[in-house]
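Asks: no sequence on this one, just coordinates:
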């Protein structure tokens, strides 16, 4: 794995300068190595753990299966808030391929001819003049790129709440939940869970207002549009290993409201009952949910919203047509790497 060398040089250096990463190299060769995803995730995780910020220029013109491989690896990492994703609006040529990764202390550059990837050449340098040159090249490339996502953190939660309301006005949607959808929960069970956590009256009011609004939006939408729900189906053992919490990321609620297994089972039955009420609502029970702290919602062909549940909540809104299509057809992998789990639970 060629990236190991620049990762090692970057992590061991004193520099905290942002990293700029670009590649239009095919991923097939790397994906053929069954250990590649874990090695790749561990390398990126080391950079993030150091506190580095990564500016990644994605190649969105990859074949569909490569887009899927990239999504599996990047989704948990986006949630750290340390990655800024970009893309080039104009397609790079598909004959002469390039690789350019630059940190504050090293640069790894390479090129290859399409179809002859194994004969490509990659050069690692830590010479200051060369690193400075390649960094300037990376910055110029970044200046031609556009943000791949709109990112809403807690400091922009008011903007996200307004945007979130507009999203419920139209379009079919696919909703893949890491936890359970709060709008399928009964008011009685919701209040029982909230009172068990000894929340203040104002906190309970905030959550119940959100529940009322969310449930109303869903019911209204289902009169004309289809909603597909993907929710976790967990054994008692699996639940106790990683309990579910109420999904409150849309209101950036700071406290974690953990459910009991009995509450989860009741919520699951209420979700089934909710879906049965509406001809336009379908439900898929997933016994092997991949992302327990991440949910995403594909809204027609216009956008996808990827959300982290645990505080501090982060929401990513993606409009690029190929990315929206990739999420619409995304079948999560059966298991996360240990690195991905650590990234999720620590942030």
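Replies: Happy to help now that I have it. Note that the coordinates shown come from a computational prediction; the quantities given were computed from them, not determined experimentally.
Asks: Output the longest helix belonging to this protein.
Replies: With residue count as the measure and DSSP state H as the assignment, the chain has helix 201-221 as its longest helix.
Asks: Hmm, residue 142 is touching residue 57, no?
Replies: Yes - taking contact to mean CB atoms under 8 Å, the distance of 6.5 Å between residue 142 and residue 57 places them in contact. Where you see a C-beta, it was placed from the backbone N, CA and C, and this is true even at glycine.
Asks: Who has more neighbours out of the two?
Replies: When residue 142 and residue 57 are compared on other CB atoms under 10 Å, the one with more neighbours turns out to be residue 57, at 24 against 17.
Asks: pLDDT on the helix or strand following the longest helix of the chain, on average?
Replies: Heading C-terminal from helix 201-221, the first helix or strand you meet, by DSSP states H and E, is strand 227-232. Mean pLDDT, taken over the full extent of strand 227-232, equals 96.
Asks: just checking, what packs against strand 227-232?
Replies: If contacts are counted by 3 or more CB pairs under 8 Å, 6 or more residues apart in numbering; DSSP states H and E, strand 227-232 sits against strand 173-176, helix 261-277, strand 281-286.
Asks: contacting residues around the longest one?
Replies: Here helix 261-277 makes contact (CB atoms under 8 Å, 6 or more residues apart in numbering) with 180-181, 183-186, 189, 192-193, 229, 231, 233-234, 236, 239-240, 243-244, 259, 281-283, 285.
Asks: Mind listing what's buried along it?
Replies: In terms of neighbour count (16 or more other CB atoms under 10 Å), helix 261-277 has its buried residues at 261, 263-264, 266-268, 270-271, 274-275.
Asks: related to what we said a few turns ago, restricted to buried residues, select the contacts of helix 261-277 in PyMOL.
Replies: Buried subset of those, written as a PyMOL selection, criterion 16+ other CB under 10 Å:
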select buried, resi 180+181+183+184+185+186+193+229+231+234+239+243+244+259+281+283
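Asks: Going along the chain, name the strands of the chain.
Replies: With DSSP state E as the definition, the chain shows strands at residue ranges 19-23, 54-58, 83-87, 96-102, 107-113, 121-125, 146-147, 149-152, 173-176, 227-232, 281-286, 294-299, 303-308, 314-318.
Asks: Kindly reformat the ones you listed as TSV containing distance to residue 44.
Replies: Formatted as TSV, the entries for the strands of the chain read as follows, by distance: least, CB to CB, whole Å:
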stretch	distance to residue 44
strand 19-23	9
strand 54-58	7
strand 83-87	9
strand 96-102	11
strand 107-113	14
strand 121-125	17
strand 146-147	20
strand 149-152	17
strand 173-176	23
strand 227-232	26
strand 281-286	26
strand 294-299	16
strand 303-308	17
strand 314-318	17
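Asks: Compare those and give me the one nearest residue 9.
Replies: With CB to CB as the criterion, residue 9 lies closest to strand 121-125 of those, at 7.2 Å.
Asks: what comes into contact with that closest one?
Replies: 2, 5-6, 9, 99, 106-112, 131, 134.
Asks: go on, stretch 238-250?
Replies: Residues outside stretch 238-250 that contact it (CB under 8 Å, 6+ apart): 160-161, 164, 177-182, 193, 207, 210, 214, 232, 234, 256-261, 264, 292, 295, 307-310, 313, 315.
Asks: what about 7 Å?
Replies: 164, 177, 179-182, 193, 207, 210, 256-259, 261, 264, 292, 295, 307-309, 313, 315 (CB atoms under 7 Å, 6 or more residues apart in numbering).
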